[in-house]
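Colleague: kindly return the folded structure for what I paste below:
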Amino acid sequence: MGKRILVVEDNKANRDLISFVLKPRGYEIVEATDGSEGLRLARETKPGLIIMDLQMPGLDGLTATRSIREIPELAGVKIIAITAFAMAGDRETALAAGADEYLPKPINTRELPSLVERMLGMGEA
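Modeller: Modelled structure (predicted):
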């Protein structure tokens, strides 16, 4: 767990950006391209944090987040929801589905590392 982060995102450029920002900080990045693969990899890899795109073909991020919350051994994993088409109410919808935090796209590469550290409890004194 701990420094392993599962990135569930259908856009390769976004997966690459997240990896580019987080890998040099010592995080292990596991990638999934849709919600179904994300669910499978969450069970297999037991990440400390999941970055979940909300809008993906097939199993969307909201449904995948709800499903993860129903798995006892994953129920406590922190989830950051991300979406490109941020609209009013998206944050509330994501949090209601079980996400712990919400980050609109384009991803703020300065904000992401500190958010990840905070979510994993590493930024606390």
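
Colleague: when you work out contacts or count neighbours from here on, use the C-alpha atoms and nothing else.
Modeller: Fine.

Colleague: check contacts around residue 106.
Modeller: residue 84 (Cα atoms under 8 Å, 6 or more residues apart in numbering).

Colleague: distance of it from residue 13?
Modeller: 11 Å (Cα to Cα, to the nearest Å).

Colleague: also residue 71?
Modeller: Per Cα to Cα, residue 71 is found 29 Å from residue 13.

Colleague: so those two - more neighbours on which side?
Modeller: The residue with more neighbours, out of residue 71 and residue 13, is residue 71; 13 against 10, by other Cα atoms under 10 Å.

Colleague: so the residue most central in space within the chain: helix, strand or coil?
Modeller: Closest residue to the average C-alpha location of the chain: residue 51 at 1.0 Å, with Cα atoms, centre = their mean. Recorded secondary structure, residue 51: strand (DSSP: H, G, I helix; E, B strand; the rest coil).

Colleague: pretty sure it sits against residue 4.
Modeller: No: using Cα atoms under 8 Å, residue 51 is not in contact with residue 4; the gap is 11.1 Å.
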